[in-house]
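Chemist: I'll drop the sequence and a predicted model, then ask my questions.
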Amino acid sequence: LPIFAGAIISHSSIRRRIAEISEQMRQVRTDSFLLTAKVLVMTILLAATWPAIVLLVAWLLGDATPDDEFAHAIRTGLLKLAYIMLALGFIIHLFMPHGLAEAHFRLRREPLAFLRRHLRWFFIAALPVVFVMETVRAQQIDQRWQTTVGRLLFVAANLGAAAFLFIVLRPKSPLLEGYLRQRRDGWVDRLRYIWFPVAFLMPVGLAGVAVAGYLYGARYLTDRLLDTTVLIVVLVLVRALFIRWLMIAQRRLALLERLKRQEATLEQTLQDEKTPTSARPAESVETKAQAEATISQISQQTRQLIDAVTVALLLFGIWYIWDDVLPALAMIGRHPLWTLSNEQQITLGALGTALLVAILTVIVARNVPGLLEIVILRRLPIDRGVRFAIITICRYLLVIIGLVIAFTEIGIGWSKIQWLIAAMTVGLGFG
């Protein structure tokens with residue numbers, strides 16, 4: 001009882017603190033990324049409170065009856081229940097009023113309220129179903145429970161997920177209507193008649209597979225889909241955090257640049273008062289400032305770099321999750337293309353990895369100047385020429401590292417590409 005009371009009291013205080021932080025963000029001078037980090041930690045605490053209690057009960061149960069088969073099944077069900085509670089609870093608290101999505105990521109309140117309302121009933125309906133279904137699967141007393149009750153609960157869970165996805169992901173729903181209207185004729189809008197049926201019919205198809213007698217395969221695919229969904233949510237959250245940091249850095253950089261221009265203009269005005277009109281330089285400070293890369297261009301480069309890294313991590317994560325499910329892809333990746341003199345075989349997977357590294361190298365080398373400008377260079381008292389030299393050296397280093405990794409994947413070692421690296425460094429010296 002004291003644990004439950006403490007959880008309720010802590011939730012109320014954390015919610016008040018999150019609302020107070022959202023008020024601090026309204027002022028430009030008091031806004032910072034540290035406030036977002038604090039709210040992220042508070043959101044995790046809100047979502048993890050009840051799962052932590054469930055994990056405590058599971059640990060106490062396992063410690064009290066370590067050899068009891070039924071207690072082991074209950075413990076397994078509680079562990080799965082805690083995982084689902086944490087995942088869905090974090091998403092619900094992510095969309096709470098004055099929370100991360102609304103106050104920090106600047107998402108509109110109406111779609112968030114709509115999504116939060118439907119997440120709540122889905123959360124309440126999913127918990128008992130997941131607990132009983134996982135407990136039935138873990139018990140070894142009578143497997144008929146798994147093939148009857150377990151199958152029925154699995155079908156019910158997937159049909160409930162299909163209903164939730166149908167309501168939330170409808171193109172005319174409050175969640176997506178405004179997004180699609182703003183991006184009319186974009187690829188998401190054009191493909192809405194493909195991704196929307198696939199999204200809500202996929203759980204229906206898995207339920208059909210279970211009814212047809214392939215319950216184990218259907219459950220395994222469902223677990224992989226759940227892991228993929230968690231991966232997507234985590235990557236979207238991380239990207240949103242980086243974009244939030246970028247916006248704050250861009251705002252502060254703009255303020256710093258404005259102060260520098262004001263000081264330079266004041267200094268130029270004092271010099272003009274002492275210098276005759278005929279002796280004044282033709283190029284003003286404002287003209288020189290226009291030659292600099294604008295802050296919006298720098299932010300655009302940084303945003304493109306963040307998007308590229310996010311897509312690369314998503315592809316790698318999907319491959320890792322589904323690698324053992326799609327053996328055909330693994331067979332294709334192991335297909336030999338050619339054999340080197342040392343009898344080393346270069347496979348299609350190695351060639352694909354080399355191409356992926358090369359593409360990422362090009363993207364990072366093109367967009368890393370924006371990140372360097374925002375994070376380091378614009379904050380240092382150095383002129384434009386020194387900044388350009390530092391950016392050029394960093395680009396060359398990234399290209400060299402990317403080339404070495406890509407060529408190594410296809411069996412071309414350092415001894416065969418060092419001439420190329422030497423040519424690049426010579427070009428850097430002349431540049």
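Modeler: Arrived safely. Given the structure is predicted, the values throughout are model-derived calculations rather than measurements. Residues are numbered from 1 along each chain as shown.
Chemist: mind showing which ranges of the stretch 151-300 of the chain have poor pLDDT?
Modeler: Within the stretch 151-300 of the chain, the ranges that satisfy pLDDT under 70 run 272, 274-295.
Chemist: helices along that one, start to end?
Modeler: 151-168, 177-182, 187-190, 192-211, 215-274, 285-291, 295-322 (DSSP state H, counting those that start in this stretch).
Chemist: quick one: contacts for the residue nearest the centre of the chain?
Modeler: The residue lying closest to the centre of the chain (CA atoms, centre = their mean) is residue 235, at 1.4 Å. Contacts for residue 235 (CB atoms under 8 Å, 6 or more residues apart in numbering) come out as 310, 313, 314, 317. In this view, the C-beta of every residue, glycine as well, is placed from N, C-alpha and C.
Chemist: one more time with 6 Å, if that's ok
Modeler: Residues in contact with residue 235, defined by CB atoms under 6 Å, 6 or more residues apart in numbering, are 310, 313, 314.
Chemist: contacting residues for the second one?
Modeler: With contacts taken as CB under 6 Å, 6+ apart, residue 313 has the following neighbours: residue 235.
Chemist: can you tell me how far it sits from residue 307?
Modeler: Residue 313 is 11 Å from residue 307, where distance means CB to CB, to the nearest Å.
Chemist: kindly report the same for residue 231.
Modeler: 16 Å.
Chemist: same question for residue 105.
Modeler: According to CB to CB, residue 105 stands 16 Å off from residue 307.
Chemist: likewise for residue 219?
Modeler: On the measure of CB to CB, residue 219 and residue 307 end up 34 Å apart.
Chemist: again with residue 33
Modeler: On the measure of CB to CB, residue 33 and residue 307 end up 19 Å apart.
Chemist: what of residue 325?
Modeler: 27 Å.
Chemist: tell me who's in contact with residue 302.
Modeler: 246, 370, 371, 374.
Chemist: cool, and residue 334?
Modeler: Counted by CB under 6 Å, 6+ apart, residue 334 has contacts residue 347.
Chemist: quick one on the thing from earlier: more neighbours: residue 219 and residue 307, which one.
Modeler: Shown here are residue 219 and residue 307; by other CB atoms under 10 Å, residue 219 has more neighbours (21 against 15).
Chemist: identify the residue nearest that one in space, chain neighbours excluded?
Modeler: Distances taken as CB to CB, 6 or more residues apart in numbering put residue 154 closest to residue 219, at 6.4 Å, once the chain neighbours are dropped.
Chemist: is it true that that neighbour touches residue 211?
Modeler: No. Assessed by CB atoms under 6 Å, residue 154 is found out of contact with residue 211, at 9.3 Å.
Chemist: higher neighbour count, these two?
Modeler: residue 154 (24 against 14).
Chemist: just the buried positions in the helix or strand residue 50 falls within, please.
Modeler: Element membership of residue 50 [criterion: DSSP states H and E] is helix 33-64. Buried residues in helix 33-64, defined by neighbour count with 16 or more other CB atoms under 10 Å: 33, 35-36, 39-40, 42-43, 46-52, 54-55, 58, 61-62.
Chemist: what packs against it?
Modeler: Counting contacts by 3 or more CB pairs under 6 Å, 6 or more residues apart in numbering; DSSP states H and E, helix 33-64 is packed against helix 2-24, helix 69-94, helix 215-274.
Chemist: what kind of secondary structure is residue 338 in?
Modeler: Put simply, residue 338 is strand when judged by DSSP: H, G, I helix; E, B strand; the rest coil.
Chemist: tell me which residues touch it, please.
Modeler: residue 346.
Chemist: separation between it and residue 345?
Modeler: As judged by CB to CB, residue 338 and residue 345 stand 8 Å apart.
Chemist: residue 71 now?
Modeler: For residue 71 relative to residue 345 (CB to CB), the value is 51 Å.
Chemist: so what's the residue count around residue 153?
Modeler: 19.
Chemist: please apply the same query to residue 370.
Modeler: So residue 370, with other CB under 10 Å, has 23 neighbours.
Chemist: could you find the closest non-adjacent residue to it?
Modeler: Excluding its sequence neighbours, the residue lying closest to residue 370 (CB to CB, 6+ apart) is residue 301, at 2.8 Å.
Chemist: what would the helices and strands packed on helix 33-64 look like in JSON lines with distance to residue 206?
Modeler: Formatted as JSON lines, the helices and strands packed on helix 33-64 follow (distance: least, CB to CB, whole Å):
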{"stretch": "helix 2-24", "distance to residue 206": "35"}
{"stretch": "helix 69-94", "distance to residue 206": "17"}
{"stretch": "helix 215-274", "distance to residue 206": "5"}
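Chemist: can you say which of the ones you listed is packed in most?
Modeler: Mean neighbour count, computed with mean count of other CB atoms under 10 Å, is highest for helix 69-94 among those, reaching a mean of 19.
Chemist: how much space between the closest residue to residue 109 other than its chain neighbours and residue 371?
Modeler: Excluding its sequence neighbours, the residue lying closest to residue 109 (CB to CB, 6+ apart) is residue 102, at 6.0 Å. From residue 102 across to residue 371, the span is 27 Å (CB to CB).
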